[in-house]
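J.: build me a structure from this.
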Amino acid sequence: MFRLWISRFNARGIDGLTYKPRPGRPRKLEAAKVGADILPRIDDPSLAGETHWTVVKLCGWLREEKAIDLRCRTLVRYLHEHEYVRKIPRPVPEPPDREAWEDQREAFAFELLGLLEDPVCEVFFGDEAGFEGDPRPRHKWVKRGPRPTQAYQGSHVRQNVIGAVNPSTRWP
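T.: Residues are numbered from 1 along each chain as shown. The predicted structure follows:
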């Protein structure tokens, strides 16, 4: 790229470095229309009566409901320009009673702090790895940065492996 800039500067001076619009077909949708018609429905598919989007499904919906004729490649380019990426949400079990679950977590945090200060207790650092047998990945289009989650009811095959280390024994 640097060599390209040098050759352009040598050939045309400072005017060779200025941006010039690329030739080609004009865009089908302006950025404002993409922001108004498409992006809100990507963030919240329930606005269109859907639970999740695939690009093919969204293209079909835009053709039928909004009369916007876009190809899938063009839609993907628009999404990438607005910093959307396709990710697989982490499955997170949804508790039956969310408020009671949060109260239980807060109470356990105070109990855990008491155990850490007790000289009789030993502290272990543990980690868990889970292997799922659910063959249906659920891809989701989200803004770059956040880690999406997806609720599940636990109706699939899953095996967990748990390991722990006690740092006071310095076990490798």
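
J.: what does the helix ranked longest in the chain contact?
T.: Ranked by residue count and defined by DSSP state H, the top helix of the chain is helix 98-117. Contact with helix 98-117 is made by 95, 121, 123, as judged by Cβ atoms under 8 Å, 6 or more residues apart in numbering. Using the backbone N, CA and C atoms, a C-beta is placed for each residue, glycine as well.

J.: hang on, the first one in a helix?
T.: No - the assignment for Pro95 by DSSP: H, G, I helix; E, B strand; the rest coil gives coil, which leaves it out of any helix.

J.: against Glu102, how distant is it?
T.: Computed with Cβ to Cβ, to the nearest Å, the distance linking Pro95 and Glu102 is 9 Å.

J.: do the second one as well
T.: Distance of Cys121 to Glu102, computed by Cβ to Cβ: 25 Å.

J.: domain assignment for the protein?
T.: With domains defined by automatic domain parsing, the chain comprises 2-82, 90-165.

J.: those: lowest mean pLDDT?
T.: Comparing mean pLDDT across the domains of the chain, the weakest is domain 90-165, with a mean of 78.

J.: export the domains of the chain to TSV and tack on mean neighbour count?
T.: Shown next, in TSV, are those (neighbours: other Cβ atoms under 10 Å):
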stretch	mean neighbour count
domain 2-82	12
domain 90-165	10
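
J.: quick one: the spatially closest residue to Thr149 that is not a sequence neighbour from Ala129, how far?
T.: In this structure, Thr149 finds its nearest non-sequential neighbour in Val92, 4.4 Å apart by Cβ to Cβ, 6 or more residues apart in numbering. Val92 is 16 Å from Ala129, where distance means Cβ to Cβ.

J.: kindly report the same for Pro23.
T.: Counting by Cβ to Cβ - Pro23 and Ala129 are separated by 52 Å.

J.: same check, this time on Gly114
T.: Per Cβ to Cβ, Gly114 is found 29 Å from Ala129.

J.: bridge partners for Thr149, pull those for me.
T.: Assessed by DSSP bridges, Thr149 has beta-bridge partners Arg90.

J.: tell me who's in contact with it.
T.: Contacts of Thr149 (Cβ under 8 Å, 6+ apart): 89-92.

J.: show me where the chain has helices.
T.: 2-12, 31-33, 39-43, 55-65, 72-81, 98-117.

J.: distance to Arg147 for the ones you listed - can I get that in TSV?
T.: Listed next are those as TSV, based on distance: least, Cβ to Cβ, whole Å:
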stretch	distance to Arg147
helix 2-12	36
helix 31-33	27
helix 39-43	15
helix 55-65	21
helix 72-81	18
helix 98-117	19
